[in-house]
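Trainee: Sequence unavailable; structure follows:
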Ligand code: FES
């Protein structure tokens, strides 16, 4: 029997289009932008934010997120970014401190209140306070000192008193308009 000849296909038209297979991955929604993560599904969100997306506002807060500096909003609720493997985040919305300002750059009222009350020292803890504060104001529009003191955040620069004032200032609507 004669050998089967391989079929010679004509060269593709010069469209400039390179076909690309869809890669499996985890679809993420971060600050309103869509991303697909195709690496280790157990990668903590904190490293993805800082090392992949270069969103470095969210800070390392210890291996268990104990000081609150790594808080992000997950479907509106403050959670530790180090404690969230990317595999858990498909279909959920993440907002980091970079996502609090409006698209036109105007600050969130709580960000403005932190400025108005000079509640920022070195700034390391500030993103976590802002995320925790936004979550608190959503749950309790007029929080008292006790509510604020129960947040997991720590400030090693001693800004707690001014942070309290800032959160209450935002609650009272005294911060600049968003
Ligand atoms: S401002 Fe420095 S740790 Fe809070």
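Mentor: Sure, I can see it. Since the model is a prediction, treat every value here as computed from it, not as a measurement.

Trainee: Who are the contact partners of residue 168?
Mentor: By C-beta atoms under 8 Å, 6 or more residues apart in numbering, the contact set of residue 168 is 143, 148. Where you see a C-beta, it was placed from the backbone N, CA and C, and this is true even at glycine.

Trainee: Spatially central residue for the chain, please.
Mentor: The centroid of the chain falls nearest to residue 96 when counting by C-alpha atoms, centre = their mean (2.4 Å).

Trainee: Enumerate the residues of the chain near the ligand.
Mentor: Neighbours of the ligand within the chain, by C-beta under 6 Å from any ligand atom: 120, 121, 122, 123, 124, 125, 126, 155, 156, 157, 159.

Trainee: Among these, which pair sits farthest apart?
Mentor: For the residues of the chain next to the ligand, the maximum inter-member distance is 12.9 Å, found between 120 and 156 (C-beta to C-beta).

Trainee: More neighbours: which of the two?
Mentor: Each of residue 120 and residue 156 has its neighbours counted (other C-beta atoms under 10 Å); residue 120 has more, 20 against 10.

Trainee: Surely the more buried one is within a helix?
Mentor: No - according to DSSP: H, G, I helix; E, B strand; the rest coil, residue 120 belongs to no helix; its state is coil.

Trainee: what's near enough to touch it?
Mentor: Residue 120 touches 114, 126, 159, counting by C-beta under 8 Å, 6+ apart.

Trainee: Closest to the ligand out of these?
Mentor: residue 159 (5.0 Å; C-beta to the nearest ligand atom).

Trainee: mind listing what that closest one touches?
Mentor: So residue 159 contacts 119, 120, 121, 125 (C-beta under 8 Å, 6+ apart).

Trainee: Now do the same for the closest residue to the third one other than its chain neighbours: helix, strand or coil?
Mentor: Nearest in space to residue 121, with sequence neighbours left out and distances taken as C-beta to C-beta, 6 or more residues apart in numbering, is residue 157 at 2.9 Å. Three-state secondary structure (criterion: three-state DSSP) places residue 157 in coil.
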